[in-house]
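**Student:** Got a predicted model here, sequence first, then my questions.
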Amino acid sequence: MGVPEVRIGPAGLDECVRACAAHSGKLVGTLGRRRVELAEKLRQLLAVHAVTEQPSAPARAATLLRRATGPRSTVDGDLLDALLAVGNKALDCGYDDELKLALLITDTVLTHRKGSRAGWRLRARTLEALGDEAGTIDAYDRYLALTEDDGFGVAAKNAGLRIGRERGRQLLALLERETPGAAPFAAGPATDVWAQGLALHDLGDTAGAEARLVGALLAMARDTTVALPDLQEAIGHFLDLRIAAQSGDASTLRELVGLYAEMRRNRMRGPISDPVFGGVEWISLGEFRNKIAGKSICLIANSQSVGRSSLGPEIDAYDLVVRFNSYRIDAPATGRRTDIHVSIHKHGFNWDQHVPIRLVFGGISGDWKYSLRNRLVPGAQTYLGDESLRWPLRNIGRIGASAWPAIPTSGFNMLWLLDFLDVSPKLDLIGFDFYESGAYRIQEAMKMPITSVHEYTSEKAWVMERAQSVTDTRISLR
């Protein structure tokens, strides 16, 4: 299957730089962190451009002639990097003006460097933010055709987008079949038809409302100017109304909800492809909560106080046993079972040990994804935590560095997550003396120092504030 030809709006470098300069002027005095960072990248771009535009004396006439005859035909490496840096920061801002600037930058980069992998990836991410699913898929295809090392997991993401798109088509086709009265309203305008449908719904006219609402959805799907998030939100709203009204056939409603869930899930996270990961399934925050609900859980520290104990039978009696990073199994002392392995993405220990659930923590999304693709062992886990479980304290708790300055340990991230979910009748920490007794790890990890980037004192204080009972070896939070 060939890679589709993607049309790029031809953009001259001078036009792009002028747009960047104009945008830089708009950001004077800005307070938002992301826009401050964008302003800095814009200043760096303009400085690099000024340097590259300085012609030597013999070349000055040729430079003027080039300007007169058209835009520069090449972009050197420094200027390319500066453009891409601005594009990425503009994308991070997420506002319409910045997204348009990012798209112009990709037009410029790809006009002059059609084989730029970073340019195609930035274009795909920008089009995704703009809600252009077809353009996103095509741009990611071009990126994949140019790279041999898919360290960002683009292939899986693109597969998920395609699956999500197909589920969306199936959902709309099912709605069209079961609502024949929608056809006259599918010509639009979608906004007016949708408003009419909502008004009829409020008046209790379910049949009239659904004909117009489904017609509006079909019109939105056929309108290439409608952003995907808007269509997806409208579908969700329609299903909420149908569920609340309990209208239509129950089996059809279940099918519609199933298709909607598959559409959303695959767009958020693509399937993990064989043979790289061996059929592992992603597990989200909500799905993880369901798997641990009502079960007793113990978290086992990698400490000498566990290694010297005889707690193995007691540990194995819990419903779920959680172990960390370079854990060591010595059945009489530590127990035999590991139900959940929690690891920081930078550590390469025990990834080959089979566990039902593996949660990998990491603060930077790109680095985390790279580690997953390079460290996961096919068949060594049934479920793998997705991005929603990547960095619990910061991403779920939204607890920033001002409230918790230190980098949280894997153990604390996991403990915080379990305490936050609060669905376990028994939650015990075994051997958590915060390394006062020394480390007890597999042999390959014993030479690793106890890192100083974590604040064990603060973590211990947090635990003790919530402890229900404390013994020499066990801290119970439930």
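**Tutor:** Arrived safely.
**Student:** what sits against the closest residue to I283 other than its chain neighbours?
**Tutor:** Spatial nearest neighbour of I283, chain neighbours left out: Y383 (4.1 Å); criterion: C-beta to C-beta, 6 or more residues apart in numbering. Yep, even glycine has a C-beta here, placed from its N, CA and C like the rest. Listed by C-beta atoms under 8 Å, 6 or more residues apart in numbering, the contact set of Y383 reads 280-283, 287, 291, 356-358.
**Student:** at 10 Å instead, please
**Tutor:** When contacts are counted by C-beta atoms under 10 Å, 6 or more residues apart in numbering, Y383 is found next to 280-284, 287-288, 291, 340, 355-359.
**Student:** repeat for R441
**Tutor:** 302-303, 307, 324-328, 349-350, 447-448.
**Student:** what do you get for S24?
**Tutor:** Per C-beta under 10 Å, 6+ apart, neighbours of S24: 38-43, 45-46, 86.
**Student:** Check the residues you listed and tell me the two furthest apart.
**Tutor:** Longest distance between any two of these is 12.7 Å, between L38 and L46; criterion C-beta to C-beta.
**Student:** re earlier: which of the helices or strands spans the residue nearest to I283?
**Tutor:** strand 381-385 (DSSP states H and E).
**Student:** Tell me the buried residues in stretch 43-55?
**Tutor:** 45-46, 48-49 (16 or more other C-beta atoms under 10 Å).
**Student:** and L91, helix, strand or coil?
**Tutor:** Classification of L91 by DSSP: H, G, I helix; E, B strand; the rest coil places it in helix.
**Student:** Against L91, how distant is the nearest residue to S303 once chain neighbours are set aside?
**Tutor:** Nearest residue to S303, sequence neighbours excluded (C-beta to C-beta, 6+ apart): G431, at 4.4 Å. Separation of G431 from L91 (C-beta to C-beta, to the nearest Å): 45 Å.
**Student:** So for these two, which residue has more residues nearby?
**Tutor:** The neighbour count for G431 versus L91, taken as other C-beta atoms under 10 Å, is higher for G431 (26 against 22).
**Student:** Return the per-residue confidence for the more buried one.
**Tutor:** At G431, the pLDDT value in this model is 91.
**Student:** In contact with T473: list those residues for me.
**Tutor:** 301, 303, 305-306, 308-309, 311, 314, 428-433.
**Student:** so what's the backbone phi/psi at it?
**Tutor:** According to degrees, to the nearest 10, the main-chain angles of T473 amount to phi -120, psi -10.
**Student:** Give me the buried positions along whatever helix or strand V342 lives in.
**Tutor:** According to DSSP H and E, V342 maps onto strand 340-344. Residues 340-344 are the ones in strand 340-344 that count as buried (16+ other C-beta under 10 Å).
**Student:** With pLDDT and distance to N158 added, can I get the residues you listed in CSV?
**Tutor:** CSV is the format used below for those (pLDDT from 0 to 100; distance: C-beta to C-beta, whole Å):
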residue, pLDDT, distance to N158
I340, 97, 30
H341, 97, 29
V342, 96, 29
S343, 94, 27
I344, 93, 28
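**Student:** Adding distance to Y140, write those out as CSV.
**Tutor:** Conversion of the buried residues of strand 340-344 to CSV gives the following (distance: C-beta to C-beta, whole Å):
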residue, distance to Y140
I340, 33
H341, 31
V342, 31
S343, 29
I344, 29
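**Student:** Among the contacts of T473, which ones are in strands?
**Tutor:** 428-430 (DSSP state E).
**Student:** Top of these by number of neighbours, please.
**Tutor:** That'd be I430 among these, by other C-beta under 10 Å, with 25 neighbours.
**Student:** Enumerate the beta-bridge partners assigned to it.
**Tutor:** In this entry, I430 is beta-bridged to I300, R474, by DSSP bridges.
**Student:** which ones are touching it?
**Tutor:** With C-beta under 10 Å, 6+ apart, I430 has these contacts: 298-301, 303, 305-306, 309, 311, 314-315, 318, 321-322, 334-335, 471, 473-476.
**Student:** From R478, how far out is I340?
**Tutor:** With C-beta to C-beta as the criterion, I340 and R478 are 17 Å apart.
**Student:** Give the helix, strand or coil label for R323.
**Tutor:** strand.
**Student:** so it bridges to which residues?
**Tutor:** H341.
**Student:** That one is in contact with S303, isn't it?
**Tutor:** No: using C-beta atoms under 10 Å, R323 makes no contact with S303, being 11.9 Å away.
**Student:** more neighbours, those two?
**Tutor:** R323 (27 against 22).
**Student:** contacting residues for the more buried one?
**Tutor:** R323 touches 298-302, 315, 329, 334-335, 337-343, 350, 353, 355, 411, counting by C-beta under 10 Å, 6+ apart.
**Student:** Mind doing that once more with 6 Å?
**Tutor:** Taking C-beta atoms under 6 Å, 6 or more residues apart in numbering, we find R323 in contact with 300, 338, 341.
**Student:** number of nearby residues for the first one?
**Tutor:** Yep, that's I300 we're talking about. I300, neighbours per other C-beta under 10 Å, totals 26.
**Student:** State the distance from it to I283.
**Tutor:** I300 is 21 Å from I283, by C-beta to C-beta.
**Student:** what about M414, distance to A50?
**Tutor:** For M414 relative to A50 (C-beta to C-beta), the value is 51 Å.
**Student:** Show me where this structure has its strands.
**Tutor:** With DSSP E as the criterion, the chain has strands spanning 281-283, 297-300, 320-324, 340-344, 355-361, 381-385, 427-430, 469-470, 474-476.
**Student:** Keeping just the C-alphas, turn the fourth one into PDB.
**Tutor:** Same thing as strand 340-344. What follows is strand 340-344, C-alpha atoms only, in PDB (Å, rounded to 0.1, in the frame of the first residue of the first chain):
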ATOM      1  CA  ILE A 340       1.200  -5.500  39.900                       C
ATOM      2  CA  HIS A 341       4.800  -4.500  39.000                       C
ATOM      3  CA  VAL A 342       5.400  -0.800  39.300                       C
ATOM      4  CA  SER A 343       8.600   0.600  37.700                       C
ATOM      5  CA  ILE A 344      10.100   3.900  36.900                       C
END
